[in-house]
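Undergrad: Pasted the sequence and its predicted model underneath.
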Amino acid sequence: MPIHKGQKTIVIEKSGASAEIYLYGATVSSWKSGGVERLWMSGAAVLDGSAPIRGGIPIGFPIFAVDVHPDFPELGGAHGFARINIWTLDDAVHETETEITATFRLGPNDAIAKLFPPPFELVYEVTLTARSLTTVLHITNPASPDATPWKFNTVFHTYYKVPHAPSASLAPLTGTPYIDRLAGMARKVQAGDTAGVAVETARAYDLSAKQDRCEVVLSYGGGATDALRIVSEGFPDAVLWNPREASGSKVPDMSKGGWDEFVCWEPGVISNLATLKPGETFKGVQHVEVISA
Ligand SMILES: O=P(O)(O)OC[C@H]1O[C@H](O)[C@H](O)[C@@H](O)[C@@H]1O
């Protein structure tokens, strides 16, 4: 069976690879390729649907981090409601010889409407092949033409599992502008080719010049024979984040030492809100592939 449906999660399998997705938040919680777990999950993650899942790929929408939405200030909090609501799984699972796709949907409910009244539709496709995981988010404003446009942030808050976070690096990033969220949102430009997380890092890279297609390679370091090629499409930003011990130890659902085990590279609409007019759909893609180092 290429798909296993549980009460809380589904697992898809293809050519020896697998991915587990919680209906809560449509959070991809595990991706195994080549017999290796590629996503990090905190040992202290809350998995009972009472709090966002600390690990995997939580989806942020319609705000990012603790930023407040100018039109819907009640949203507040972190990363919005998409990651803390139950999504529905389409009955139809698309499968070919080389790939399998499961599709999830989220729309308004009473609790969401109190925070974010306009109509919206989120469609999320998770596609697995032997060596890749692709996530695609479609965000639609289905309102009638005379309705007011609304604004949103979104993010694939992806936690990559690495053997030793301070040894891991992302490249090529030379000359890419970024906002240093730890330095009063100072605007800086990436000097060297690689960026890492040996110290606490929260940078929002400006990918607007390569919004159509941005490719980076996450190298594990330490003589690893494989690496991850991460391609994002449609996203104007990506956050590089790791809290290291000083800040990570204050995060209640982060296991001790967790900050040594992951790198977050988070493609999204982050530094500015995007506007969606009635009838419009935003599409963001993240394609991650295991490659030789
Ligand atoms: O604790 P969370 O709401 O999941 O957020 C975790 C982190 O996500 C982002 O990467 C932000 O840049 C950080 O400021 C935030 O701490």
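TA: Okay, I see it.
Undergrad: can we go C-alpha only for contacts and neighbour counts from here?
TA: Noted.
Undergrad: distance of S169 from V231?
TA: Separation of S169 from V231 (CA to CA, to the nearest Å) stands at 15 Å.
Undergrad: Spit out the contact partners of V288.
TA: Residues near V288 by CA atoms under 8 Å, 6 or more residues apart in numbering: S132, L133, T134, L228, R229, I230, V231.
Undergrad: mind checking pLDDT for the fifth one?
TA: At R229 the predicted local confidence, pLDDT, stands at 98.
Undergrad: which one is it nearest to, not counting chain neighbours?
TA: V217 (4.5 Å; CA to CA, 6 or more residues apart in numbering).
Undergrad: Contact partners for that neighbour?
TA: V217 neighbours (CA under 8 Å, 6+ apart): L170, A171, P172, A227, L228, R229, I230.
Undergrad: before we move on, which element is it in?
TA: In this assignment (DSSP states H and E), V217 forms part of strand 214-219.
Undergrad: So for stretch 208-219, what gets flagged as buried?
TA: Residues of stretch 208-219 classed as buried by neighbour count (16 or more other CA atoms under 10 Å): S208, K210, R213, C214, E215, V216, V217, L218, S219.
Undergrad: residue ranges with poor pLDDT in this protein?
TA: Within the chain, the ranges that satisfy pLDDT under 70 run 1, 76.
Undergrad: The ligand contacts on that one?
TA: A65, A78, H79, A202, W241 (CA under 6 Å from any ligand atom).
Undergrad: switch to 5 Å and redo it
TA: Within the chain, the positions adjacent to the ligand are A78, W241 by CA under 5 Å from any ligand atom.
Undergrad: Okay, helices next: where are they in the chain?
TA: Listed in chain order, the helices found in the chain under DSSP state H are 110-115, 244-248.
Undergrad: How far off centre is the shortest one?
TA: Chain-centre distance of helix 244-248: 21 Å, with CA atoms, centre = their mean, to the nearest Å.
Undergrad: got a list of contacts for that helix?
TA: Contact partners of helix 244-248, identified using CA under 8 Å, 6+ apart, comprise V197, A198, V199, E200, N242, M254, G257, G258, W259, D260.
Undergrad: who wins for neighbours among those?
TA: Highest neighbour count within those, by other CA atoms under 10 Å: N242, with 27 neighbours.
Undergrad: Just list the residues touching the closest residue to G56 other than its chain neighbours, thanks.
TA: Leaving aside its sequence neighbours, G56 sits nearest to S29 (CA to CA, 6+ apart; 4.3 Å). Counting by CA under 8 Å, 6+ apart, S29 makes contact with A19, E20, I21, Y22, L39, W40, M41, G55, G56, I57.
Undergrad: Which one of those is nearest to E99?
TA: When the contacts of S29 are compared for distance to E99 (CA to CA), A19 wins out at 11.9 Å.
Undergrad: pretty sure that closest one contacts A26?
TA: No. Counting by CA atoms under 8 Å, A19 stays clear of A26, with 11.8 Å between them.
Undergrad: Which one's more surrounded, the two?
TA: A26 (29 against 24).
Undergrad: what about P2, how many neighbours?
TA: Counted with other CA under 10 Å, P2 comes out at 12.
Undergrad: same thing with the one 4 residues further on?
TA: By the other CA under 10 Å criterion, the neighbourhood of G6 contains 10 residues.
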